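Colleague: here is the input, now give the coordinates:
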Amino acid sequence: MPLLRKLHLYSGLILSLALVLLALSGVALLYKNEYWALRYQQIDEQDVVPEAANLATAIERAYQHYGARLGSLKMPEPDLAAYHVYLPDHEEALLDINNHGIIDEWQPSQRLMGLLFDIHAHLMAGDRGEIVVGIIGLIAGLMAISGLILWWPTRKTFSWKRLWPKDLSRRSLLSWHRDAGMVLSPLLLLFMLSGSAMVFYTSVQKGLNALFGDPVPQIVLPSGTAVDVESLLLPLSTGASAQTAERTLRFSTAALPLPDADTLARVQQALHGARLTFYYADALPQGFHRFRLKRDCELHPNGLSFVYTDAHNGDIVHVKDACAMPTGERITNMIYPLHAAKTGGELYRVLALMTALVLAGLSVTGVVTYVQQLRRQRQRQIMLEQKSLAESIGDRR
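Modeller: Purely as a prediction, here's the structure:
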């Protein structure tokens, strides 16, 4: 038990700052869409489901705005009436749902929510930082388990009244740290381990597939007619500087086989009751358009059902129904919505908010009580030294 106590203590001290940053940035990201709706006048929180013609125009305009840089286009969400563009190097943009003009575009460090996401997902250290975040989540999960073990011998002293410390004394803070950590330990484990599972997603998916004896998921497409995307890039204007020309390269959309309204209508009808959530540009060079949809049976807010269409004639060539996936893959698909509180309604989001705040509080109180202990030990040492000095002076007399 003493060894476990030391491991719990020093792990918490080392990771305290990182855990506070991860917890508080996570709190803000819970309300990202509400923040955007407040920040941008062109966006409201109404649930707008665009018609197929509007979706087709949005895809075309996204290509016109960003050309070959377009990674994906997220369709309007139930609480965010705007198109969300994802670009290389984690750059993002928002497009107006009506005229499809650019509302805003940013790098992660240029906007509050982008910065907070970079902290939460990467600790502002890129891919290596993401791995570090995953490891921190695993260690924090072990700390939650060790905390329960350390709490058990003191279980008879548990009191609901101590879930709010009466003062800032070391005794009160320790009691709160111990009891609040115990009460929320299931949620702490859920959020920390699901966060780590997102970092090591591929390994987790393979492990769950192996556990349930499921086949490795694969998508096999027919041979498509390749599209030379780069050859369709045209400069917007002549005589511009090199930097300006690079930013204003646009597709000749007349030559680019983009999905029309009829194609998008078929995509939306491919899976009963499904809502179109994403368009991906990555399959276009192979001659296909890739769409992502959400069915009612899915927890994931964006869904993980996919429809592929032939880029040239709009025919549907492949459908992947998330509701028909094997058990291991369906469980893996639950990781993100559980971690990001994208399921379970407002109650679950409030529980996620409370858990994140308590995690920050546990990290802070762990450091504070340790410092208080060091000060107490120092004061005792000074008192003993003073007493010893006084005794030695008395002996000399």
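
Colleague: and Thr309, that's in a strand?
Modeller: Yes. Under DSSP: H, G, I helix; E, B strand; the rest coil, Thr309 sits within a strand.

Colleague: now for it, how many residues are close by?
Modeller: The number of residues packed near Thr309 is 22, by other C-beta atoms under 10 Å. Glycine gets a C-beta too; all of them are placed from N, C-alpha and C.

Colleague: how about Ser363?
Modeller: 24.

Colleague: show me the residues around it that make contact.
Modeller: 12, 15-17, 19-20, 23 (C-beta atoms under 8 Å, 6 or more residues apart in numbering).

Colleague: with neighbour count added, can I get the residues you listed in a markdown table?
Modeller: Shown next, in a markdown table, are the contacts of Ser363 (neighbours: other C-beta atoms under 10 Å):
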| residue | neighbour count |
| --- | --- |
| Gly12 | 22 |
| Leu15 | 18 |
| Ser16 | 19 |
| Leu17 | 12 |
| Leu19 | 23 |
| Val20 | 17 |
| Ala23 | 23 |
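
Colleague: in JSON lines, list the residues you listed along with pLDDT, distance to Leu80 and secondary structure.
Modeller: Below are these laid out as JSON lines (pLDDT from 0 to 100; distance: C-beta to C-beta, whole Å; DSSP: H, G, I helix; E, B strand; the rest coil):
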{"residue": "Gly12", "pLDDT": "94", "distance to Leu80": "37", "secondary structure": "helix"}
{"residue": "Leu15", "pLDDT": "96", "distance to Leu80": "33", "secondary structure": "helix"}
{"residue": "Ser16", "pLDDT": "95", "distance to Leu80": "34", "secondary structure": "helix"}
{"residue": "Leu17", "pLDDT": "96", "distance to Leu80": "32", "secondary structure": "helix"}
{"residue": "Leu19", "pLDDT": "97", "distance to Leu80": "29", "secondary structure": "helix"}
{"residue": "Val20", "pLDDT": "97", "distance to Leu80": "28", "secondary structure": "helix"}
{"residue": "Ala23", "pLDDT": "97", "distance to Leu80": "24", "secondary structure": "helix"}
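
Colleague: let's have these in TSV, adding distance to Val133.
Modeller: What follows is the contacts of Ser363, written out as TSV (distance: C-beta to C-beta, whole Å):
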residue	distance to Val133
Gly12	17
Leu15	11
Ser16	15
Leu17	13
Leu19	11
Val20	13
Ala23	12
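
Colleague: hmm, which two among those residues are most spread apart?
Modeller: Maximum pairwise distance among these (C-beta to C-beta): 13.0 Å, between Gly12 and Ala23.

Colleague: bridging residues for Trp106?
Modeller: Beta bridges link Trp106 to Glu92 when assigned by DSSP bridges.

Colleague: neighbours around it, how many?
Modeller: 16.

Colleague: retrieve the pLDDT associated with it.
Modeller: pLDDT, Trp106: 92.

Colleague: from Glu346, how far out is the closest residue to Val27 other than its chain neighbours?
Modeller: Leaving aside its sequence neighbours, Val27 sits nearest to Ala356 (C-beta to C-beta, 6 or more residues apart in numbering; 4.7 Å). Applying C-beta to C-beta, to the nearest Å, one obtains 15 Å for the distance of Ala356 from Glu346.

Colleague: higher neighbour count, these two?
Modeller: Under the neighbour definition other C-beta under 10 Å, Ala356 and Glu346 were set side by side, and Ala356 has more, 23 against 8.

Colleague: which helix or strand contains the more buried one?
Modeller: Assessed by DSSP states H and E, Ala356 sits inside helix 345-396.

Colleague: show me where pLDDT drops low in this protein?
Modeller: For the chain, the stretches flagged by pLDDT under 70 are 45, 216-217, 220, 224-255, 389, 393-397.

Colleague: can you list the domains in it?
Modeller: 2-43+97-215+342-366, 230-325 (automatic domain parsing).

Colleague: for Ala82, give its distance to Arg375.
Modeller: Here Ala82 is placed at a distance of 52 Å from Arg375 (C-beta to C-beta).

Colleague: one more: Phe291?
Modeller: With C-beta to C-beta as the criterion, Phe291 and Arg375 are 61 Å apart.

Colleague: same deal with Asp96?
Modeller: Asp96 is 57 Å from Arg375, by C-beta to C-beta.

Colleague: ok, the two, which is more surrounded?
Modeller: Asp96 (17 against 11).

Colleague: what's the more buried one sitting at in phi/psi?
Modeller: In terms of degrees, to the nearest 10, the main-chain angles of Asp96 are phi -60, psi 140.

Colleague: how about Leu94?
Modeller: phi -120, psi 140.

Colleague: I'd say Leu73 and Asp282 touch.
Modeller: No. Look at Leu73 against Asp282 with C-beta atoms under 8 Å: they stay out of range, at 11.9 Å.

Colleague: which of these two has more neighbours?
Modeller: Neighbour tally, Leu73 and Asp282, criterion other C-beta under 10 Å: the higher count belongs to Leu73, 22 against 11.

Colleague: quick one: the more buried one is in a strand?
Modeller: Yes. With three-state DSSP as the criterion, Leu73 is part of a strand.

Colleague: so who does it touch?
Modeller: 58-59, 62, 83-86, 278-279, 281.

Colleague: hmm, 7 Å instead?
Modeller: Applying C-beta atoms under 7 Å, 6 or more residues apart in numbering, we find Leu73 in contact with 58-59, 62, 83, 85, 278-279.

Colleague: partner residues bridging it?
Modeller: Listed by DSSP bridges, the beta-bridge partners for Leu73 are Val85, Tyr279.

Colleague: any idea how far Met192 is from it?
Modeller: 32 Å.

Colleague: again with Leu123
Modeller: Separation of Leu123 from Met192 (C-beta to C-beta): 15 Å.

Colleague: more neighbours: those two, which one.
Modeller: Higher neighbour count among Leu123 and Met192: Met192, with 25 against 19, using other C-beta under 10 Å.

Colleague: what about that one, which SS state?
Modeller: Met192 is classified as helix under three-state DSSP.

Colleague: Tyr201 - how many residues pack around it?
Modeller: Neighbours around Tyr201, by other C-beta under 10 Å: 14.

Colleague: my guess is Ala23 contacts Ala356, does it?
Modeller: Yes. In this structure Ala23 lies within contact range of Ala356 using C-beta atoms under 7 Å: 4.4 Å.

Colleague: since that was my last question, I'll sign off now.
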